[in-house]
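**Q** Coordinates for the following, if possible.
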Amino acid sequence: MEVAGQLPFGIIAGLVIVALAFDFMNGFHDAANSIATVVSTRVLKPYQAVIIAAFFNFLAVFIFHLSVAATVGKGIIDQGIVDHYVVLGALIGAICWNIITWYYGIPSSSSHALIGGLVGAGVAKAGTWALVPAGILKTVAFIFISPLMGMLLGSMLFLAISWIFVRSTPSRVDRLFRRLQLVSSSLYSLGHGGNDAQKTIGIIWMLLIAGGYTGKDAAVPFWVVIACYIAIGLGTMFGGWRIVKTMGQRITKIRPVGGFCAELSGSITLFLATALGIPVSTTHTITGSIVGVGSTQTVSAVRWGLAGNIVWAWILTIPCSAFIAGLSWWVAHIILRE
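**A** Modelled structure (predicted):
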């Protein structure tokens, strides 16, 4: 039974399904972030890697506080202007951009596509005053900070390990780090689930508040949290093989020791960002880590032309998804308004 002031249940349910579809696509699109290095170094077969990644994506529900969900739900656009048209526009903008970049095998950011979608739909409805500068600024800042941090940590770890094992044979180092990569890959999948699933939690939370189904100060309903973590885990299980190839071998060739360094540095960056409530791009983070490891071996080991194309995709993600979201909001408002 609907309470006065609530949006119809059918609209809420439909948008929750669309949000979970985005969450599934997020796992599908970003599966490469978790498994590219461990598959490309032949430590695990693809099906083994996606199962492990999906498990740790879901396990994150028991590890991390919902700080990122709070930022997305209340810290990007003003909660007062949110309605079902804004949420629909944001999700369509993010989903369309994800499909475009997946089709062309470009490891863009699902996270920033969603942020761009929120910005575009919010501005389309209420203008730039509806934006929350603090939340947007820290998100945009980490477009640059997260890959640079991943790159720096990856490079430092690789140098430290090279110095520690300078007298060891390559075969012994390979054997050791093939085992350790199982740990680093699992940690990265944990960080990926902890940061990325929370973005969809934030969207659904925002929708439920706007629809009158939960209070502004109430906790996120538990079913929302579980549903989002299950959706991203299932998406990861289906994988994104086009992007795995780009991430794992086309940027730079990686051996188990390099994969370990990239994954561990990426997971440290994600754990820190999630603790601070910052919705970062797991794609940016692992790409920066891979580049850091590759460039430490030799600058020529990195295919800088391809890396440059990826950076352009990062730069275009927020404005392109914002444009699509704004257009979607306008179309939805004309067609669906009562």
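
**Q** which regions of the stretch 51-200 of the chain sit below the pLDDT cut-off?
**A** Residues of the stretch 51-200 of the chain that meet the criterion pLDDT under 70 lie in 105-107.

**Q** Tell me which stretches of it form strands.
**A** Secondary structure of the stretch 51-200 of the chain (DSSP state E, counting those that start in this stretch): no strands located.

**Q** residue at max distance from the center of the chain?
**A** Arg167 (38.8 Å; CA atoms, centre = their mean).

**Q** Please report the distance of it from Arg255.
**A** 18 Å (CB to CB, to the nearest Å). The C-beta positions use only the backbone N, C-alpha and C, and glycine is treated the same way.

**Q** same check, this time on Ala124
**A** Applying CB to CB to Ala124 and Arg255 gives a distance of 48 Å.

**Q** Kindly report the same for Gly93.
**A** Relative to Arg255, Gly93 is positioned 39 Å away (criterion: CB to CB).

**Q** More neighbours: which of the two?
**A** Gly93 (30 against 19; other CB atoms under 10 Å).

**Q** isn't the more buried one right up against Gly117?
**A** Yes: the pair Gly93 / Gly117 is scored as a contact, 3.5 Å apart, by CB atoms under 8 Å.

**Q** What number of residues are in the vicinity of Ala70?
**A** The number of residues near Ala70, taken as other CB under 10 Å, comes to 17.

**Q** Mind checking what secondary structure the nearest residue to it once chain neighbours are set aside has?
**A** Once flanking residues are discounted, Ala70 sits nearest to Gly277: 6.2 Å by CB to CB, 6 or more residues apart in numbering. Secondary structure for Gly277, judged by DSSP: H, G, I helix; E, B strand; the rest coil, is coil.

**Q** Tell me who's in contact with Gly277.
**A** Contact analysis of Gly277 by CB atoms under 8 Å, 6 or more residues apart in numbering lists 67-68, 70-71, 75.

**Q** Top of the residues you listed by number of neighbours, please.
**A** Val68 (27 neighbours).

**Q** what's the nearest residue to it if we skip its chain neighbours?
**A** Gln198 (3.8 Å).

**Q** I'd like to know how many residues surround that neighbour.
**A** 32.

**Q** Is it in contact with His65, as I believe?
**A** No: using CB under 8 Å, Gln198 is not in contact with His65; the gap is 9.3 Å.

**Q** So in the protein, which helix runs the longest?
**A** Ranked by residue count, the top helix of the chain under DSSP state H comes out as helix 170-211.

**Q** Which residues does the helix or strand that that helix is followed by contact?
**A** Following helix 170-211 in sequence order, the next helix or strand is helix 222-238 (DSSP states H and E). Residues from elsewhere that reach helix 222-238 (CB under 8 Å, 6+ apart): 16, 20-21, 23-31, 34, 50-51, 53-55, 57-58, 60-61, 66, 189, 193, 196-198, 200-201, 204-205, 208.
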